[in-house]
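>>> Need a 3D model of the sequence below.
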Amino acid sequence: MKVLHIEASPMKGESFSSRAAEALISTLRETHPDWEVERLDLWVEEIPYFDGRAASGKYKVMRGLPHSPEEAEAWEKVKGEIERFSSADLVIISSPMWNFGIPFRLKQYLDVVIQPGLTFSFTPG
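Residues are numbered from 1 along each chain as shown. Model (predicted):
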């Protein structure tokens, strides 16, 4: 079992959500020592932007159209994050609430990994 812990609090150990996640992960490690836990600190690791190059690259690749090296590189970075997220069997997100919302780094990450046809699908209706 692979666990992905997404740390979205810049306060780390001073944050209630971070301490709660660490307690949960500690218990998981004790009860399931064979589980792999990966920690993604959104304030330390570079998260790709889903910008115009990535969006353009995505649609051109999906349609089999020629794309620039910059578009391909941007889309490959996004796909790498999607793979990391999708390969987890369990995702734990520790996040504070900022102004009744989530930190901008978590929003950025979710915008990158939540892609139709890759992490979710829908049917018109």
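>>> Can you check the distance spanned by stretch 44-57, start to finish?
End-to-end distance for stretch 44-57, by CA to CA, to the nearest Å: 26 Å.
>>> Enumerate the positions of it that are buried.
Neighbour-count burial for stretch 44-57 flags Ile47, Pro48, Phe50, Arg53, Ala54, Ser56, Gly57 (criterion: 16 or more other CB atoms under 10 Å). For the C-beta atoms, the positions are set from N, CA and C on the backbone; glycine is no exception.
>>> Give me the contact list for that stretch.
67-68, 70-75, 77-78, 80-81, 105, 108-109, 111-112 (CB atoms under 8 Å, 6 or more residues apart in numbering).
>>> Buried by neighbour count, from the residues you listed: which ones?
Buried subset of these (neighbour count, 16+ other CB under 10 Å): His67, Glu71, Ala72, Ala74, Trp75, Lys77, Val78, Glu81, Arg105, Tyr109, Val112.
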